[in-house]
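Peer 1: Show me the folded form of this:
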Amino acid sequence: MNTRRIWELMARKLANEATAEELQELSALFRDNPDTELPAGLVDELWQKTTAAASEESAIAAHDRHINRMQAMGIPIGQTLTETPTPLTAIRSRRPYLWAAAISTGVLLCMAAWWWTSSKKNNNAIASEVTTRNGSRTSIQLADGTRVWLNAGSKLSYSKDFGKNDRSVTLSGEAFFDVAKQADHPFVIHTETMDIRVLGTSFNVRSYPEDKTTEASLITGSIEAIVKHNATRIILKPSEKIVVMNPLPAIARSAKTQTAKEETTVTLSHVSYYAAQTTAITETSWMENKLVFKDESFTELAQQMERFFGVRVQFDNPQLQQLRFTGIFEQETVQQALSALQLTAAFRYEIQHDTIIIH
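Peer 2: The predicted structure follows:
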């Protein structure tokens, strides 16, 4: 959908029909879809060359018509055709522009064909997509019998051929998988920082783009996690989890000095429990409609509250972001949850529609 909208806006831009709002929308789409910026830039550049060639051709034709009219009226123009073959020179000067225009037009058509083919391939590759908004959760059963529970603010996508020879999905957000066993066709989950390969098991994957880490927690069976940036392969056992640092945004990367110590990229640990029972696993508590947090900063907790309650949280005082909390929310409203937090930390809040401002 974004790709189609980008090319619609590019067409309006090249035709000088795009409004200021549409140009701003196009810039935002390029930021969110960097892979499309290069081909769009090439089309823009080639279009400008074609337009310039057409303008030059029109100017030369107008000049020739003016000279012919002057000669017909007997007006001296300083040189005759026998002295200097001016029209012949003009014809030679036009050919490079006409040639460039033809090449540019051909390339534009090739680019359009490339985009059309690419978009058709993408449509075929990703035929199904399941999404959840903040404050909502859902569960689905895939064609191979695998059951997936999708947490708030998440997206799961897979191809139309899923369940035949292909058992791979792409996850952005958090999901719990109960994978159907098929020894000949491994089940693969793709996230931004790692891939997870399984045969038949149950586990939780958390991969929100705005979080600092991506993690996979194994409940039963066995899974293999492949970290993308260094191809590290780790086999997990039940009750183990792998945590991988997400790549920093471009601005944050440029702000870091070369001498700064790099954080540990991959860590292996055990799942945590929020109660004495072995089934009270923190990593899967969201499936029981519980928000469990342990020694987390107010910033991290605010992100979880946004997904859990379907609200937005803003901080008026940056120092409050460093407050740390431990607790469990289950049946509380967002107002009750904030009032409970106020018992252990000094802060105020106000609610404006679906936005909570922390003072």
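
Peer 1: Which residue is the nearest non-sequential neighbour of Ser135?
Peer 2: If you look again at residue 135, you'll see it is Gly, not Ser. Leaving aside its sequence neighbours, Gly135 sits nearest to Gly310 (CB to CB, 6 or more residues apart in numbering; 2.2 Å). C-betas here are computed from N, CA, C, even on glycine.

Peer 1: Could I get the pLDDT score of that neighbour?
Peer 2: Per-residue confidence (pLDDT) for Gly310: 93.

Peer 1: What of Gln352?
Peer 2: Confidence at Gln352, expressed as pLDDT, is 90.

Peer 1: which ones are touching Phe203?
Peer 2: Shown in contact with Phe203 (CB atoms under 8 Å, 6 or more residues apart in numbering): Phe176, Phe177, Ile196, Ala216, Ser217, Leu218, Ile219, Thr220, Gly221, Ile223, Leu236.

Peer 1: what about the helix or strand containing it, average pLDDT?
Peer 2: Per DSSP states H and E, Phe203 falls inside strand 202-207. The pLDDT scores in strand 202-207 average 95.

Peer 1: On the C-terminal side of it, identify the next helix or strand.
Peer 2: As assigned by DSSP H and E, the chain's next helix or strand after strand 202-207 is strand 213-220.

Peer 1: Determine the set of other helices and strands touching the following helix or strand past that next one.
Peer 2: Later in the chain than strand 213-220, the nearest helix or strand by DSSP H and E is strand 223-227. Secondary-structure packing of strand 223-227 (3 or more CB pairs under 8 Å, 6 or more residues apart in numbering; DSSP states H and E): strand 194-198, strand 233-236, strand 240-245.

Peer 1: quick one, helices of the protein?
Peer 2: Using DSSP state H, the helices of the chain run over 2-14, 20-32, 37-72, 86-125, 250-255, 298-309, 334-342.

Peer 1: returning to what we had before: with distance to Asn16 as new columns, can the helices and strands packed on strand 223-227 be given to me in a markdown table?
Peer 2: Listed next are the helices and strands packed on strand 223-227 as a markdown table, based on distance: least, CB to CB, whole Å:
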| stretch | distance to Asn16 |
| --- | --- |
| strand 194-198 | 45 |
| strand 233-236 | 53 |
| strand 240-245 | 46 |
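
Peer 1: For Ala20, find the nearest of those.
Peer 2: Minimum separation from Ala20 across those (CB to CB) falls at strand 240-245, 39.2 Å.

Peer 1: Partner strands of that closest one, with direction?
Peer 2: strand 213-220 (antiparallel), strand 266-270 (antiparallel) (DSSP bridges).

Peer 1: contacting residues for Glu283?
Peer 2: Asn204, Arg206, Glu215, Ser217, Lys241, Val271, Ser272.

Peer 1: I am finished for the moment; much appreciated.
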